[in-house]
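Engineer: Based on what follows, work out the 3D shape:
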Amino acid sequence: MYRQPLRERNRNVDVDVDDDFGGADFAVTGDRGIYLSFDGQHRNEELLNIAHKKRRIDPANLDDQLAQWIPTPDDNFDEDDVQISQPERTVLGKRKEYLSTKDPMALWRPLKGEFLKEILRHEGLGDDAAEPCCVHCEAQFCLRVRLFKCYGCGEFLQCLNCCLSNHQRTPLHVLQEWNGAFWIPCSLSQIGLVYQLGHGGFPCPFPDPVKRKLVVIEEPVVHEIQIHYCKCAKSDEADNIEQLMRNRWYPATVTDPGTCATFRTLETYRLYNVVGNLNVRDFVTTVERATDTTASSGMTWLPDRYKQFGRVSRQWSFLMRLKRAGRAHDPSGVERTALGQCAVGCWACPQDGRNLPEGWREVDPKYQFLYMLILAVDANFRLRNRIRVNEIDDPSLGPGWGYFVEPNSYREHLKNYVNETEISSCIAFAALLQKDTRNTTGLRVSGVGGCVCARHECMRPNGLGDLQKGERYANMDFIVMAALAGFSLLWLTISYDIGCQWKMKFSERMKLLPAEMQLPLQDINLQFGLPVWHAASHNEDCQNQNSLSFRPGVGRSDGEGVERTWGVLNTASYSTKDAGVGVRADALEAKIDNHNFLKNIGQGEALQRKLVIAIAERDRQVAAFKDVSKTVEKEVKTQWRKAIKEWEVDPTKPNPFTLSRRDCPTETQVRLEVRKDEEALSGTALLHGRSATAFLVAGIQIEDSQRRILTQLKGATALVAADRQNKIQEWRHALLVKISKFCTLQRIYMPGAAAALEEHEAQRDTDAPPPKAELVKLFMPSEMVQRSGSARDPHHGSIPGLSDMESKLRVAQCENSLASLRSRLHAKRHLISFRNANITGQVPSTRARALIEEVGERVESYAGRYRQGRAALVALKGNAAYPHLRELRPEDVQLDGDAEESDTSARKKLAMLGSGRGARAPRNAPGTSKRVMSWIWTAPGALEEAMMHECWYSNVMLLREEMRRVLRYLGWQADWWRGHVDLRDDLDLQARAGLKAYALKQAAWHDRLADFFRAKWNVPANTVARQLVTDDNSAIDQMFSLE
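Structural biologist: As a prediction, the model looks like this:
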């Protein structure tokens, strides 16, 4: 059959093809050819130029049970639900208040005598005062019958025999003996109790005949007891140490222990330490005081167990980290623990093989930011450590197993360190200038360098290292690369306050690290950024080039999470400043371990709260962007998007976020242009100062001077300083001279203004003094148009063309005023950031405030100049003539950081919503992108403000993906524990049973937490927002009730 081609079109036809080698989804692209037979009766199609390529996958189409799940759905979401407003305090309709809630202390004060009486009641025999006798055998108190009272058993009396019989299995109870007049301290050991180990206090058929004394620390007192070790068949394979441990008593030594601490006491102290920063000395002193108040005076004696308890508490904390990491379940043993294996990792950060869906690498490139790791790096010079004389070699119990880098390889790397000569080219940044000059006399460690996940503030495994001499690149390089061990993602963002300099030659310095620490940078999309708040300390070009706000895919990450982590760890600086190397490292490891754990279990509330705010802000920003976008030409928007994409691909391209110094013709240029047009119309050269252009320029300058005087007088009182009054009088005199010359030219170019002046003068009160210079009306052409009420007449008492000339000058006035206004707003933001970062004390703060107020006055001056110029333009040409020059409202004159309140406004909701405890945003928190965009930032050179709505889109997507990752991680962790139930065949039956029970308990706990999080995140955003605001308003209402 002869075939005649009819047409050849529809290129890139996609056809789904199942791959027999893995089931991957492919797309077949090609040209579709359509042919007709010679007789025109048959139609054939054929696919030509066939090409195969993998289809770009949407994250929702991945083979994952959570891929299509939408956490905290926002259907019909109303952003008003997240508006936090102060509750109105009205008298009428006020809910009933109860004194027990409003002021409980007011109810207690009249009863203080009764409370004191009941406390003293316990100093005597109480209800048994009439006939004191044993509650068990009813033996009456006498010289031969001793009576005791036990705090642990209850408020009743016991005789000696009954007391010994009842305490055979509870040797750590605290007793008091009645001496006939008052209670005196007494111990079970003093009345003859000997505790039998190995049987829980029950009799042993073959006890050790040697009676031993043992000091046991059981909060809140120190006990001195007597014990027998077990020597029967039950304890044939258990030595003395094991018998103590099986009784939940932790020995202080491994050879003939004389001191123990109970498991409960060690765990209680661990929590006191990591939560309340209680050190060993204070804890032991407190326990000693609780045992005997007079011991410190020397009148009585107590055994000092400070060193022993410090040793066992350190061991206990370390063992708890090994236990939670599952190291006891590994057949290879504890000593084969890998680097960072005992650290608590972040559940929400991407980890391949744990919380990422299958096929995430094949996701469409525009969604790959969802699987990007964002880190924050910084140094902390509070956590320093002094050199101690005659210090023994006592390294960390698990070197490199947790958060600190492996010390041996770290020291070996630093041996090859050569002093760096790079100094910041963007600013005299303290961290760089002082990195080799910090005072390190007497210090072993000048501080620490750390690496945390920027969005969740969890310290990375092996993400902490000591700094010997300032913030050197050699130290920070090793710490960061150690924290990235095992990194297998495609995207990586690192936020660092000196990242603009640190990123230089980073790839070259990485080659100096051990081979196992180096990353394949050619396969990683690596980007660096400056933390949002720290960026303000760099010069403007560096800030615009490197700020984390401009990095794609980071959402609303501020990069300041590491600073908040330092705030938690700095509380341990006092107790670790003089500690040994190992003691300090283990103490900080315990502190960080608790910090990471709390961050993880708090993700259920934190991610939900952040998501509600992000959804609300996304909707507000998008609505505002659409409104503002109407005033931007389509070509300009296309140009902006193109500039952003080019800059993201190649940072050497012009930075579209850089604030232009001047994005419109200067007023001088416009004046020259108008003067040339005037000369062209007249055909002759004009005398300097006598042209129509000079006349109009003089009028605008007089308006500026009048506005300047009015600004100075604004808010002034009768007590204005004399020098200021003199200065204002001088300005008025000079201004009257200019007005006189202006009136001379006005008679030439505006002959119709004379009638307007006469009419205005006739309306003025003849007895009133003449108006001051700043109140004199000039009657510019725009004012004559307003006066006549008709804008269609081009003259209005002026020479032809004068109104058009003023229009051009007014446009230049408005555009240049906007440019200056934006510049002053940025300057004010920088001054506020500098004040918040560096200035403390009343006098410096007052000076800084005065400077900020001065810049604020300039802002208001330019805003007034714009409003006056625009009013003239509207009078001359109407509202529609210049749509890009819109009405300037007070709320339009703003920028992040332009006032102390707005410094923190961007994250105020995030800090307050759901806190329920009166939490407030920190003073130094940067504020960006919460506000609705002002139209003044859509002009050229203000791209940052116009495009920020896209960040909220990505932030919502990131938060929802982080919620999915948390659930995947919990599921993976539960499966991991179930897989480690029966791995230890080398242990005895009892030990295997303990390991199995713990593994199953951990698996059940992770499953339960995952179910709780998922149920919590299934609640619609509207419901969550209303509940959070209700809780916050209740807390605020309670605060008001205390006023």
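
Engineer: And Trp533, what's its pLDDT?
Structural biologist: On the pLDDT scale, Trp533 is placed at 80.

Engineer: Same question for Leu967.
Structural biologist: 96.

Engineer: Confidence-wise, which helix or strand of this protein is lowest on average?
Structural biologist: When the helices and strands of the chain are compared on mean pLDDT, DSSP states H and E, helix 900-903 comes out lowest with a mean of 35.

Engineer: Residues contacting stretch 743-758, please?
Structural biologist: Contacting residues not belonging to stretch 743-758 are listed as 690, 692, 694-695, 698, 778-779, 781, 784, 787, 795-799, 802 [Cβ atoms under 8 Å, 6 or more residues apart in numbering]. To be clear about C-beta, it is placed using only N, CA and C from the backbone, and glycine gets the same treatment.

Engineer: likewise stretch 204-212?
Structural biologist: Residues contacting stretch 204-212 (Cβ under 8 Å, 6+ apart): Val194, Gln196, Gly198, Gln226, Ile227, His228, Tyr229, Cys230, Lys231, Cys232, Lys234.

Engineer: Who does the closest residue to Asp578 other than its chain neighbours form a beta bridge with?
Structural biologist: The shortest distance from Asp578 to any non-neighbouring residue, by Cβ to Cβ, 6 or more residues apart in numbering, is to Arg386 (5.6 Å). In this entry, Arg386 is beta-bridged to Leu443, by DSSP bridges.

Engineer: Now a ChimeraX select for only the buried ones of the contacts of stretch 743-758.
Structural biologist: In ChimeraX syntax, the buried subset of those is picked out as below (16 or more other Cβ atoms under 10 Å):
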select :692,694,695,698,778,779,781,784,787,795,796,797,798,799,802
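
Engineer: Would you check which pair of the contacts of stretch 743-758 lies furthest apart?
Structural biologist: Maximum pairwise distance among those (Cβ to Cβ): 25.8 Å, between Arg690 and Arg787.

Engineer: which residue sits closest to the spatially most central residue of the chain in space, ignoring its chain neighbours?
Structural biologist: Nearest to the mean C-alpha position of the chain, by Cα atoms, centre = their mean, lies Gly561 at 4.5 Å. Leaving aside its sequence neighbours, Gly561 sits nearest to Glu457 (Cβ to Cβ, 6+ apart; 3.9 Å).

Engineer: quick one on the thing from earlier: pull the contacting residues for the residue nearest to the centre of the chain.
Structural biologist: Ala376, Val452, Cys453, Ala454, Arg455, His456, Glu457.

Engineer: Sheet partners, orientation included, of the helix or strand hosting the second one?
Structural biologist: This means Val452. Element membership for Val452 (DSSP states H and E) is strand 447-453. Applying DSSP bridges, strand 447-453 is found paired with strand 373-380 (antiparallel), strand 459-467 (antiparallel).

Engineer: between the host helix or strand of Leu959 and strand 373-380, how many degrees?
Structural biologist: Secondary-structure assignment from DSSP H and E places Leu959 in helix 949-978. Using axes from the mean of the first three to the mean of the last three Cα atoms, to 10 degrees, the direction of helix 949-978 lies 90 degrees away from that of strand 373-380.

Engineer: Report the buried residues of helix 949-978.
Structural biologist: Here helix 949-978 shows 949, 951-952, 954-971, 973-974, 976-978 as buried, counting by 16+ other Cβ under 10 Å.

Engineer: got it, and stretch 835-846?
Structural biologist: So stretch 835-846, judged by 16+ other Cβ under 10 Å, has buried residues Arg835, Asn836.

Engineer: From here on, call the first residue 49.
Structural biologist: Sure thing, new numbering starts at 49, so read that last one as stretch 883-894.

Engineer: From the opening residue of that stretch to its closing one, how far?
Structural biologist: In stretch 883-894, first residue to last residue: 10 Å (Cα to Cα, to the nearest Å).

Engineer: In which helix or strand does Arg689 reside?
Structural biologist: Going by DSSP H and E, Arg689 is part of helix 682-697.

Engineer: could I get that helix in CSV with only the CA atoms?
Structural biologist: Extracted in CSV, the C-alpha atoms of helix 682-697 (Å, rounded to 0.1, in the frame of the first residue of the first chain):
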residue,chain,number,x,y,z
LYS,A,682,4.2,41.6,32.9
GLU,A,683,7.5,42.2,31.3
VAL,A,684,9.0,43.3,34.7
LYS,A,685,7.7,40.2,36.4
THR,A,686,9.1,38.0,33.7
GLN,A,687,12.4,39.8,34.0
TRP,A,688,12.5,39.2,37.8
ARG,A,689,11.8,35.5,37.5
LYS,A,690,14.4,35.1,34.9
ALA,A,691,17.0,37.0,37.0
ILE,A,692,16.2,34.8,40.0
LYS,A,693,16.6,31.6,38.1
GLU,A,694,19.9,32.7,36.5
TRP,A,695,21.3,33.8,39.8
GLU,A,696,20.3,30.5,41.5
VAL,A,697,22.0,28.5,38.8
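
Engineer: So which elements touch that helix?
Structural biologist: Contacts defined by 3 or more Cβ pairs under 8 Å, 6 or more residues apart in numbering; DSSP states H and E place helix 682-697 against helix 991-994.

Engineer: Report the distance from stretch 595-603 to the chain centre.
Structural biologist: 15 Å (Cα atoms, centre = their mean, to the nearest Å).
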